[in-house]
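Asker: Can you look at this prediction? I've put the sequence above it.
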Amino acid sequence: MAKDIQPEAIQNENDLFVRVPINETESEHLAAEPYSYWKSVFRVFIKKPSAIIAIVCMFLMIVGIIVVPICAYEGAYESNIAIANLAPSGEHFFGTDLAGRDLFFCCFKGLSKSLFLAFITSIINVIIGTVVGLAWGYFRKLDPIMIEIYNLFSNIPSLLLYMLLSFVFTNAFPSMTPELRLIFALCSIGWIGVALFIRNQTIIITNRDYNVASITLGTPARRIMMKNLLPYLLAVIITELSLMLPGMISSEVTMSFFGVGLPVETISIGAILDAGYRYFTSKPWQLLAPAGTLAFIIFTFYLLGLALSDALDPKKHR
């Protein structure tokens, strides 16, 4: 450190400087806050208006699923011809259906069933798609087989395949419960799109230097996939899961609407739609109530998926 000394006062060069002691601990100290990817994801996510709207909608949805069935009066879910086809009123907020069931309580009970089936099928599809996609992207010898399988099923509308599989399972396994049959149908081919996406991401990550070095050093393939590839794919896997949920809900509701999903007597959004669409011109509330509930679910998870996909993008972080 230089001293403030007049030139005439200088006697030797040692008077120009003062030794500064070196502190090894201070030299390693970082002034900046340690970087955390997930904290940064949360900061980016919570700043988005779409994320706030999605969180509020999900909170209202969860509260409704828990509280509304508890508050249901006796006979709300049972047939009662005496109060059939009542219009919305202070006593029956969404009116009643052809069987005399209260649509307000039925919609929330159907919402819980539809969400449960959507979560189960989405998680199964993402797990299968991730495992197959990792193997497909790492072992390139699988390309000829997997690409043909993908081309075979991708050229047919997925909803048509779901309905066909549900019909086949109904005839082949008559003792199978409708919920289990629906899960099998939605999980039979729902993972293929996820597998292709994970495969493409795996190819990109595999070609990075640290993975090339691991392969050169003879690291087992399973360890590379679990330790090197999967952690980097976690963000896109979460995004795929959030974006798949509304699609699974729509598929379940549409299949129930066309009579190949859950039966009409089962309280679900699709079954209520199936029962109410025939009398839309004379009793529109029987269709509008479940349709509005379905639109609310899809809107919520669509906003959540968009906000998550944007927040999980590393380019949005410092």
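Answerer: Structure received. What you see is a predicted model; the values in this text were computed from it and never measured.

Asker: What helix or strand is residue 210 located in?
Answerer: helix 209-216 (DSSP states H and E).

Asker: Show me which parts of that helix are buried, residue by residue.
Answerer: 211, 214 (16 or more other C-beta atoms under 10 Å). Just so you know, the C-beta spots here come from the backbone N, C-alpha and C atoms, and that holds for glycine as well.

Asker: which regions of the protein sit below the pLDDT cut-off?
Answerer: 1-17, 20, 22-35, 264, 314-318 (pLDDT under 70).

Asker: cutoff 90 now
Answerer: Across the chain, the ranges flagged by pLDDT under 90 are 1-51, 54, 58, 60-119, 135-191, 193, 200-318.

Asker: Do a quick rundown of the helices in it.
Answerer: Along the chain, counting by DSSP state H, helices occupy 24-27, 37-46, 49-71, 103-138, 143-154, 158-172, 178-189, 192-206, 209-216, 221-223, 230-257, 269-276, 285-311.

Asker: ok, and what's touching the helix holding residue 210?
Answerer: Applying C-beta atoms under 8 Å, 6 or more residues apart in numbering, the external contacts of helix 209-216 come out as 205, 224, 228-229.

Asker: ok, for residue 42, nearest residue in space, not its chain neighbours?
Answerer: Nearest residue to residue 42, sequence neighbours excluded (C-beta to C-beta, 6 or more residues apart in numbering): residue 311, at 7.7 Å.

Asker: for residue 188, same thing?
Answerer: residue 165 (5.3 Å).

Asker: Identify the residues contacting the one you found.
Answerer: Residue 165 neighbours (C-beta under 8 Å, 6+ apart): 184-185, 188-189.

Asker: So what's the residue count around residue 39?
Answerer: The tally of other residues near residue 39 (other C-beta atoms under 10 Å) stands at 12.

Asker: quick one: stretch 185-202 to chain centroid distance?
Answerer: On the basis of C-alpha atoms, centre = their mean, to the nearest Å, stretch 185-202 sits 14 Å off its chain's mean C-alpha point.

Asker: Can I get the contacts of helix 209-216 in CSV including distance to residue 132 and neighbour count?
Answerer: Shown next, in CSV, are the contacts of helix 209-216 (distance: C-beta to C-beta, whole Å; neighbours: other C-beta atoms under 10 Å):
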residue, distance to residue 132, neighbour count
205, 16, 17
224, 17, 18
228, 18, 17
229, 13, 21
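
Asker: Would you check which pair of those residues lies furthest apart?
Answerer: 205 and 224 (10.0 Å; C-beta to C-beta).

Asker: From residue 171, how far off is the residue positioned nearest the centre of the chain?
Answerer: By C-alpha atoms, centre = their mean, the mean C-alpha position of the chain lies nearest to residue 242, the distance being 1.7 Å. Separation of residue 242 from residue 171 (C-beta to C-beta, to the nearest Å): 35 Å.
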